[in-house]
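In: here is my input, please return the structure:
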Amino acid sequence: DGFSGAEIEQAVLAALHSAFAAGREVETTDVLRALRTSPPLSVTRREQVAALRRWAEGRCVPAE
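Out: Here you go, the predicted structure:
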């Protein structure tokens, strides 16, 4: 869905905090809820990401 690894990590941390505050174990639904409440930067900054990708073409080596 366009989330970066860092954004997913923050969603997991938010889910952990939420579950801890509720006095229970973290569940997948907690992580999914955290992801739904914060759209990925690839969506909210679509134009800037596209411009950066165009700039990187031919200048950078893709990570594998």
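In: can I get the longest helix seen in the chain in CSV? Just the C-alpha atoms.
Out: Secondary structure of the chain per DSSP state H: the longest helix is helix 5-22. Extracted in CSV, the C-alpha atoms of helix 5-22 (Å, rounded to 0.1, in the frame of the first residue of the first chain):
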residue,chain,number,x,y,z
GLY,A,5,9.7,0.2,6.4
ALA,A,6,10.0,3.2,8.8
GLU,A,7,6.3,3.9,8.5
ILE,A,8,5.5,0.3,9.2
GLU,A,9,7.9,0.3,12.2
GLN,A,10,6.1,3.4,13.6
ALA,A,11,2.7,1.7,13.2
VAL,A,12,4.0,-1.3,15.1
LEU,A,13,5.2,0.9,17.9
ALA,A,14,1.9,2.8,18.0
ALA,A,15,0.1,-0.5,18.2
LEU,A,16,2.3,-1.7,21.1
HIS,A,17,1.6,1.5,23.0
SER,A,18,-2.1,1.3,22.4
ALA,A,19,-2.3,-2.4,23.5
PHE,A,20,-0.1,-1.6,26.6
ALA,A,21,-2.4,1.3,27.5
ALA,A,22,-5.4,-1.1,27.2
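In: what residues sit buried inside it?
Out: By neighbour count with 16 or more other CB atoms under 10 Å, helix 5-22 contains the buried residues Glu7, Ala11, Ala14, Ala15, Ser18, Ala19. C-beta: built from backbone N, CA, C; applies to glycine.
In: return the member of those residues nearest to Leu52.
Out: Closest approach between the buried residues of helix 5-22 and Leu52, by CB to CB: Glu7, at 16.2 Å.
In: go ahead and confirm the closest one touches Val43.
Out: No - applying CB atoms under 8 Å, one finds Glu7 not in contact with Val43, separated by 10.6 Å.
In: picking that back up, TSV for the buried residues of helix 5-22, including distance to Arg53 and pLDDT?
Out: Shown next, in TSV, are these (distance: CB to CB, whole Å; pLDDT from 0 to 100):
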residue	distance to Arg53	pLDDT
Glu7	17	97
Ala11	24	98
Ala14	28	98
Ala15	30	98
Ser18	33	97
Ala19	36	98
